[in-house]
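>>> What follows is a protein structure lacking sequence information:
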């Protein structure tokens, strides 16, 4: 059996070389990794943990798990408008199974390449399956997309269709079946979310607040509303729902997944109206779903402007 | 029950304010934390995971666990000669027990204050007890203490007595008893290791290689030897052993703990002979235990220079 260092070196060699960015001065193999942050830029850092049986089914395909673990973490860089640098992986495993590790590393590599993230360090330990990924990015000083800048009068926007990952859960758990093309589309949205890193960079200096939707649209808009001291008004008819989800789950359930389902890893952001045309002209995926109003909290309104009751809550650990 | 954000805010508020260093531009509560790294300095990053029942007994005192989890991670900053900035905590818990969290946070706070580390982000998840701490520090460009710089002719040194944490294990596990003063001393060495951060900073520009001893002296010297392409020669009689450990375990077992026990979190480093006097004059804890020689690997010699068989191996996950 390989030792800890050999384990990392052997299986994660590709991810450790996934990009040749000049920021990584020292990668895996010493007590710390060393990064150079260019003058005038700030470091963005985020940590995410995935626990077997809580955040993903156990057992599951290790290739898909590797992809998803990194994508979920990288999405936080997108939400800050940060340019990716690298990541550390803390991997706790019941046993060092060679086939499992090779497949997991292959999934991780694929997403590392997609996201231009380099593996710069980590820790492998024995225990119940659990992964913590910490991602690092850089952003020009003062230009990070934070949650507390939304202004009354801004547009509320999202970066794409919502609800598909949550809608895919019955398929992920093997509790339902669907036509092959629908199943493939929805499962891909759960297992291989695409962090909107390029969109995040494009929103620097334009969006007034942003985050990535992980807890569901309502809950995450609530975070922006609270941090900014404003109300976010969502027009139900403008929430983008993809055709495969509507076919699979029906319109009502598709909307419920979008509002309260979570796991989308699509950006939600507030935008001064004057910024909209340039972004849409440049073909960025910007869907206006409402606006920022005076007040506090999140309002859901129908096509006639009537407020709808909001009872659904986002996913929140340690809630019943 | 508190939600995820409230959980962190409520219990870890003190650690999040533990220091007012100007590097933390944005702490807990957004998608990423933001750090300013001063011009001319590099960021040092390290990740460590502790799993219940593997790296610490379960159940255990949550105050002590909080202290130890952060100390173990901070020790990697010491090993690089980095000045502490902050840390993220990924905490996986079977349940959100208020008393447990309050005590754990109190231990974390205490060590955060000792180490001048500020909590800048994290993730709380439900699952088998497991902690991943990622620490951040800064070091002048090119001055980090790496493992690959040891030169033939250098002295081999350690920053203090070894073996006590490993020697304390029977006490930690409740498998042995000792006189109150001895037990207190040894248990403190296991549960509250003191990362040698100031020593690490003092060694910048002086030591040619360094690391912190976590796997045992022999295994960790092996890491320096391999990275530097040299042999490290350890004189058995010069390995510092503390009196409480010798009283508790006897001389032979004390030496075994020092050589192969691990968990010391004391620095080991190589030093050009010309650097020794200034460090000792300044009262830094520098114990010369051998030298760097041509060759490869680690040699253990007795008082007459005879090489001793080295069979003990350091602690290494995924080894039988």
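Okay, I see it. Note that this is a predicted model, so its numbers are computed, not measured.
>>> For the stretch 151-300 of chain A, which segments are assigned as strands?
Assigned by DSSP state E, counting those that start in this stretch, the strands in the stretch 151-300 of chain A fall at A:155-158, A:209-212, A:231-235, A:267-271, A:287-293, A:297-301.
>>> Partner strands of the first one and their direction?
Right, strand A:155-158. strand A:267-271 (antiparallel), strand A:287-293 (antiparallel) (DSSP bridges).
>>> what about that strand, average pLDDT?
Throughout strand A:155-158, pLDDT has a mean value of 98.
>>> How far off centre is it?
Mean-position distance between strand A:155-158 and its chain equals 17 Å (CA atoms, centre = their mean, to the nearest Å).
>>> So what touches it?
Contacting residues not belonging to strand A:155-158 are listed as A:213, A:217, A:221, A:232-234, A:239-240, A:266-273, A:276, A:286-292 [CB atoms under 8 Å, 6 or more residues apart in numbering or on different chains]. C-beta coordinates here come from the backbone N, C-alpha and C atoms, glycine included.
>>> can you rerun that using 7 Å?
A:232, A:234, A:240, A:266-271, A:273, A:276, A:286-292 (CB atoms under 7 Å, 6 or more residues apart in numbering or on different chains).
>>> What of the longest one?
Among residues not part of strand A:287-293, those counted as contacts by CB under 7 Å, 6+ apart are A:150-158, A:230-235, A:238-240, A:270.
>>> Repeat the analysis, applying 8 Å as the threshold.
By CB under 8 Å, 6+ apart, the residues outside strand A:287-293 that reach it are A:150-160, A:228, A:230-235, A:238-240, A:270, A:276, A:299, A:301.
>>> Show me which residues of stretch A:263-277 are buried.
Judged by neighbour count (16 or more other CB atoms under 10 Å in any protein chain shown), stretch A:263-277 contains these buried residues: A:263-271, A:275-276.
>>> all strands for the stretch 1-150 of chain A, in order.
With DSSP E, counting those that start in this stretch as the criterion, the stretch 1-150 of chain A has strands at A:24-26, A:33-35, A:41-51, A:83-93, A:118-126, A:130-140.
>>> Can you report how many residues lie near the spatially closest residue to residue A:289 that is not a sequence neighbour?
Excluding the flanking residues, the one nearest residue A:289 by CB to CB, 6 or more residues apart in numbering or on different chains is residue A:238, at 4.5 Å. Residue A:238 has 15 neighbours, counted by other CB atoms under 10 Å in any protein chain shown.
>>> next one: residue A:54
Residues lying near residue A:54 (other CB under 10 Å) number 16.
>>> quick one: it and residue B:189, what's the gap?
As for residue A:54, its distance to residue B:189 is 35 Å (criterion: CB to CB, to the nearest Å).
>>> now swap in residue A:241 and tell me
Counting by CB to CB, the gap from residue A:241 to residue B:189 is 59 Å.
>>> of the two, who's got more company?
Comparing residue A:241 with residue B:189 by neighbour count (other CB under 10 Å), the higher total belongs to residue B:189, at 25 against 18.
>>> contacting residues around that one?
Listed by CB under 8 Å, 6+ apart, the contact set of residue B:189 reads B:164-165, B:168.
>>> so which of those comes closest to chain A?
Chain A has its nearest neighbour among these in residue B:165, at 17.6 Å by CB to the nearest CB.
>>> Count the neighbours of that closest one for me.
26.
>>> for it, what are its contacts?
Counted by CB under 8 Å, 6+ apart, residue B:165 has contacts B:189-190, B:193, B:261-265.
>>> could you redo the last one with a cut-off of 6 Å?
Counting by CB atoms under 6 Å, 6 or more residues apart in numbering or on different chains, residue B:165 touches B:189-190, B:263-264.
>>> And residue A:191, by the same measure?
Residue A:191 sits next to A:64, A:68 when contact means CB under 6 Å, 6+ apart.
>>> Can you give the domain ranges for chain A?
Chain A breaks down into these domains under automatic domain parsing: A:4-140, A:155-308.
>>> Mean pLDDT lowest where, among these?
Across the domains of chain A, domain A:4-140 gives the lowest mean pLDDT, at a mean of 90.
>>> Return the nearest residue of the stretch 151-300 of chain A with respect to chain B.
Distances between the stretch 151-300 of chain A and chain B by CB to the nearest CB are smallest at residue A:211, namely 5.4 Å.
>>> so that residue bridges to which residues?
Per DSSP bridges, the residues bridged to residue A:211 are residue A:268.
>>> looking at it, it is touching residue B:31, isn't it?
Yes. Counting by CB atoms under 6 Å, residue A:211 touches residue B:31, with 5.4 Å between them.
>>> How about the closest residue to chain B within the stretch 101-250 of chain A, nearest residue that isn't a chain neighbour?
The stretch 101-250 of chain A approaches chain B most closely through residue A:127 (3.5 Å), counting by CB to the nearest CB. Of all residues not flanking residue A:127 in the chain, residue B:51 sits nearest, at 3.5 Å (CB to CB, 6+ apart).
>>> Can you give me the neighbour number for the spatially closest residue to residue A:106 that is not a sequence neighbour?
Distances taken as CB to CB, 6+ apart put residue A:63 closest to residue A:106, at 5.5 Å, once the chain neighbours are dropped. Per other CB under 10 Å, the neighbour tally for residue A:63 reads 20.
>>> Chain B contacts on the stretch 151-300 of chain A?
residue A:211 (CB under 6 Å from any CB of the partner chain).
>>> isn't residue A:130 right up against residue A:94?
No. If you go by CB under 6 Å, residue A:130 and residue A:94 don't touch, sitting 10.1 Å apart.
>>> out of these two, which sits in the more crowded spot?
residue A:130 (26 against 11).
>>> Quick check: bridge partners of that one?
Beta bridges link residue A:130 to residue A:51, residue A:92, judged by DSSP bridges.
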